[in-house]
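S.K.: take a look and give me a structure for this.
(one chain, ligands or ions: 1)
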Amino acid sequence: MKPIAVVVEHDGKRILPVTHELIHLATLLANGIHAPIVLVIPGTDQPDMAAELARLGMRTICLAITGIDGYNSGAYKTALAELFATLSPSHILVAHTATGRDFAPGLAVRLNGTAIAGVNNLLWEDGVPLFSRPIFNGAKNALIQANKTPCIAMVQPSAFLSPEVPASAPLPGPIETMEIKFSDPGIKRLGTRSADKRGDDLERATVIVSAGRGLGSRENLGAVEGFAALFPNAAMGVSRPLVDDGWMPYRFQVGITGARVSPEVYIACGISGSSQHLAGIMGSKTIVSINSDPNAAIFNHSDYCIVADILTFISAFEAIAASVNDPDR
Ligand SMILES: Cc1cc2nc3c(=O)[nH]c(=O)nc-3n(C[C@H](O)[C@H](O)[C@H](O)COP(=O)(O)OP(=O)(O)OC[C@H]3O[C@@H](n4cnc5c(N)ncnc54)[C@H](O)[C@@H]3O)c2cc1C
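M.R.: Sure thing, here's the model as predicted:
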């Protein structure tokens, strides 16, 4: 039986949380096609990470690539292609992150397989797994069946959050090491520079009020700031176009390439609900959306949907808040 391989995402020191989402999807897939799961840790030999994963009872392979210092797309593609040529997996699960997006499509080409980007759900038809991915800016989902193996599913972070903490198996899985010497990765790493610091406020806030392109103009940001100030322990966020257009610094950006947030309440103001934005907010306990388009995709993921012009709504809300707080009332 061909195995299902999970490419572990890590930062060289620790396993990143998205790996557990990949393992969750692998388990769902394995239950349907009755295949074993193999966890692959690429990079340098990582015994601590391997021990941590092997406790789940799954076979774990350390793909020790010598001659590289940290992530290197050329080396990853070559080393993984070599391993998978031997392992012959039916499915390879990779995180749809900056790293995964960098190496997975090229790896699919080398393996003469398929790559499906942005996978956000797994469905079944007559025992055949179908992967769904958002299209038309998240308004619809396409269902895709791989026509070649191996099928690399690039999995959207937050799409397969496991409801349970993964339990240790009675017996740890076997750990193997495969060493690949790499002399010419083709790409030279010059160094690492920290990105603009993420908004600490976004991490700590109980309520996040985020502004999107529906705001219309930069001058209207003040209205959303004032709206956010009405809530205790609140912070402001924005969708990516507002950062790209220079309205707000990057540390305010929420989404797959910005901050992933998990407040008690997330209020999206004039945000359409692209898959990239949703990936950053699905950990929120309650999502409230205000959008003038009744068919906006974000309403499909919201607990409260308010169809309104954002500035009109904020003015009305502020008027009510002022009357409620009026001491003479
Ligand atoms: C690789 C990649 C990574 C990305 N990463 C991110 C990311 O991390 N975060 C992110 O946000 N995006 C990200 N994006 C961009 C993403 O695809 C979308 O383009 C973006 O999220 C759209 O932002 P928006 O919802 O503010 O704008 P739009 O999609 O333009 O939506 C504006 C919304 O406002 C509504 N609206 C218009 N007027 C009003 C009004 N007067 N009152 C109320 N509502 C109104 C409209 O109906 C619409 O739904 C990424 C894209 C790529 C390709």
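S.K.: what's the local residue count around residue 81?
M.R.: 16 (other Cβ atoms under 10 Å). Yep, even glycine has a C-beta here, placed from its N, CA and C like the rest.
S.K.: show me where this structure has helices.
M.R.: Remark: helices assigned in the chain by DSSP state H are 18-33, 47-54, 73-87, 98-110, 200-204, 221-228, 240-244, 275-281, 310-325.
S.K.: now do the first one against helix 98-110, angle only.
M.R.: Meaning helix 18-33. Angle, helix 18-33 to helix 98-110, by axes from the mean of the first three to the mean of the last three Cα atoms, to 10 degrees: 40 degrees.
S.K.: what's in contact with helix 18-33?
M.R.: 4, 6-10, 35-37, 39, 53, 56, 58, 90-91, 93-95, 97, 119, 122, 124, 127, 129, 153, 155, 157-162, 166 (Cβ atoms under 8 Å, 6 or more residues apart in numbering).
S.K.: what's the spacing between the closest residue to residue 232 other than its chain neighbours and the ligand?
M.R.: Distances taken as Cβ to Cβ, 6 or more residues apart in numbering put residue 206 closest to residue 232, at 6.8 Å, once the chain neighbours are dropped. Residue 206 is 21 Å from the ligand, where distance means Cβ to the nearest ligand atom, to the nearest Å.
S.K.: doesn't residue 261 make contact with residue 206?
M.R.: No: using Cβ atoms under 8 Å, residue 206 is not in contact with residue 261; the gap is 11.0 Å.
S.K.: quick one on the thing from earlier: least confident of the helices of the chain, on average?
M.R.: Among the helices of the chain, helix 200-204 has the lowest mean pLDDT, at a mean of 78.
S.K.: which residues are contacting it?
M.R.: Against helix 200-204 from outside (Cβ under 8 Å, 6+ apart): 208, 233, 235, 236, 237, 251, 252, 254, 259, 261.
S.K.: alongside the ligand, which residues does the stretch 151-300 of the chain contribute?
M.R.: Within reach of the ligand by Cβ under 6 Å from any ligand atom, the stretch 151-300 of the chain has these residues: 212-214, 239-241, 253, 255-258, 270-272, 274, 276-277, 280, 290-293, 296.
S.K.: can you flag the buried ones in those residues?
M.R.: 212, 214, 239-240, 253, 255-258, 270-272, 274, 276-277, 280, 290-291, 296 (16 or more other Cβ atoms under 10 Å).
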